Structures are given as C-alpha cells and as structure tokens.
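# fold the stuff below for me.
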Amino acid sequence: MRYITDEKRKLNIKESPEGLILREDSFKVDHIFECGQCFNFRKNDDGSFTAVFLGKIINLLECDGYTLVRNVSLDDFYDIFYDYFDLGTDYGAIKQALSESEILKEASDYGYGIRILNQELFETTISFIISANNQIPRIKKAVRIISERYGTYLGEYMGEKYYSFPSPEVLANVDPLELREYARVGFRDVRIVETAKAFVDGFLNFEDEKTLTDKDLHNKLNNLPGIGPKVADCIMLFAYHRRETFPVDVWIKRVMETLFIGKEVPKKQVDNYAREIFGDLAGYAQQYLFYYGRENAIGK
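Numbering: from 1, shown residues only. Modelled structure (predicted):
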C-alpha cells in the first residue's frame, strides 16, 4: 500500500481575508504540536499555535470544520509547509492499517489529527540533545532562548518577537558556559557546541545520509556527543523521515508495557517488540501511542 504520493496533491485550501482556510480530516493543530515531536512553537491566548520553520512564522488556529492558517501566503504554504506538515502522506490509509489492532485504533482515533513533521536536521538534533532527561516546558524554553540570543530576528507576530534557530557556524562559536547560564541547558552545554562543530566539519549531511541503512545511520548519530539510542531514534524519525523508527522514552515504555507487553521489560525489548508488530509504520504508531498515553496518563 502506498502512503506517500509521488507529487504534491491539491489540498482543500483557499485564500480568505483572514488567512488560508485548510480543510483536512487528518490535521489538528494541538495534536500536531503537543505530541512531543517539536519544541519551536508557542501556544497563544486565542488557542492558536505559532511556529517558526525555515525563516517563516506561521500561525494556525483550529476553527469549526477547518484550520485557519495565518501569516503565510498560499505559495509559501505549498513550497515550505506542505512538506513540513507531511501533507503528501495518506494518514487515512495509515490509520486504517494500524487499526487492525484495537488498541491502535483507539489511540489513532484519539489523536486523529497528528501528522509527523519533517523538521530541519540541525535544529532537530540540538533540540533532542536538550530533551535528554528533560521536561517539555524546559526544552521549549531553552530552544526559545537559544533562538533569541543567537538566531536571526524574523519579525513580530501577535505581540511576540520571533527568531530563527541559529546555524551550526554560530553555535559552534558559543561559549558553553554562556549556554548553561542563559539557556539553562545544564550538562548539555558542551555537547551542543561540540555537535555544532561536527556539523560545521560536515560530519552530518542530509543528502549524504539518504543512502545509509537505518542501522548505519543510527550508529553514526550515536557518535555525536549527547546522542544516545533514544535521541538518535528521534532524529531519524523527525529529521530523516525514517518512519519505521520507534523512539522509546519513559512514557512510551510505560504505554507499551501497559497496553501490549503486560510486564516491565528493558527499553531495547520495547523497541524490538514495536518494530515486530508495527513494521514500517512503527513511527506513526509511536506518535499515536505517545499522545494517547500521555494525555490519558496510561501506565503512570
């Protein structure tokens, strides 16, 4: 079964004085941004979400029967955010395939609007280094401070100033102690700077890694400072589009043990079990289960 279209499909989207009106069944803003895959966004007082990607500020508000997309043109939406929101993938078919499992059917129905974001490699790598043994509010705050101190000013929207995430060349020259003091990244300070230097030296290059097997890519990522198996899996899933990858953190381990395995097991066994039962859809299953499990405190 094909899940990804060969060409960009025509969306049910139109321009209006308020912004772009997008009608898409498998698209819900809070599901997308609150399932733990991304940290460079803000939730606004009106319930909308504002995110920064590739130098663009986009705002999305969930309305009755549609999503209002603001601050980007229709051309920019197709050129930049179509791929970012993975709109070329048939999530209806994915959910149908996963629904052979009653548990996955319930989880995917609960998080029906989740789409896995196709994120930029360097920002994703640094963000998930920061995420190690950390909580989402603190990760988001650290990413925001790093962007404000070292990124490029993009403009103001809804009374807030927005900045791009800094380039490897910029972060490679930051004093780690400064990162620790201002961004509160703790022991990750040196790891962030050393990883930025590795990017500058060409250690990772998205195009070059396309031909690597999952195992070889995973091993390569693990050679970077601050990257262990879980962080490597997140980078593979969210930046390299390796959708068969199943990151295992504390939440997903509890969910899998509670709903599928029935007992406590090592993390590696959770990963092996997930790959065996979910196959090449493991990454999608992980996102549905993570959101479903965390929102309903399963296994807590």
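# now N59. Its backbone dihedrals?
phi -120, psi 140 (degrees, to the nearest 10).
# quick one: it and S48 touch, right?
Yes. Contact criterion C-beta atoms under 8 Å: N59 and S48 qualify, at 5.4 Å. In this view, the C-beta of every residue, glycine as well, is placed from N, C-alpha and C.
# who touches both of those two?
Common neighbours of N59 and S48, counting by C-beta atoms under 8 Å, 6 or more residues apart in numbering, are R70.
# okay, which residue is most central for this structure?
Taking C-alpha atoms, centre = their mean, the centroid of the chain lies closest to Q37, which sits 2.9 Å from it.
# in contact with that one, which residues are there?
Here Q37 is in contact with I116, L117, Q119, C234, L237, F238, Q287 (C-beta under 8 Å, 6+ apart).
# repeat that for N222.
N222 touches G228, P229, A232, counting by C-beta under 8 Å, 6+ apart.
# the helices in the stretch 151-300 of the chain, which residues?
Along the stretch 151-300 of the chain, counting by DSSP state H, counting those that start in this stretch, helices occupy 168-171, 176-183, 189-200, 206-209, 214-221, 229-238, 250-256, 267-278, 282-295.
# which one of these lies nearest to A93?
Of all these, the one in closest proximity to A93, counting by C-beta to C-beta, is helix 282-295 (10.6 Å).
# got the buried residues for the closest one?
282-294 (16 or more other C-beta atoms under 10 Å).
# could you do stretch 184-192 as well?
Buried-residue list, stretch 184-192, by 16+ other C-beta under 10 Å: V185, R188, D189, R191, I192.
# my read is that S167 contacts F122, right?
Yes. Counting by C-beta under 8 Å, F122 is a contact partner of S167 at 7.4 Å.
# more crowded one of those two?
F122 (19 against 16; other C-beta atoms under 10 Å).
# what angle separates the helix or strand harbouring that one from helix 214-221?
Here F122 sits within helix 121-131, counting by DSSP states H and E. Between helix 121-131 and helix 214-221, the angle comes out at 70 degrees (axes from the mean of the first three to the mean of the last three C-alpha atoms, to 10 degrees).
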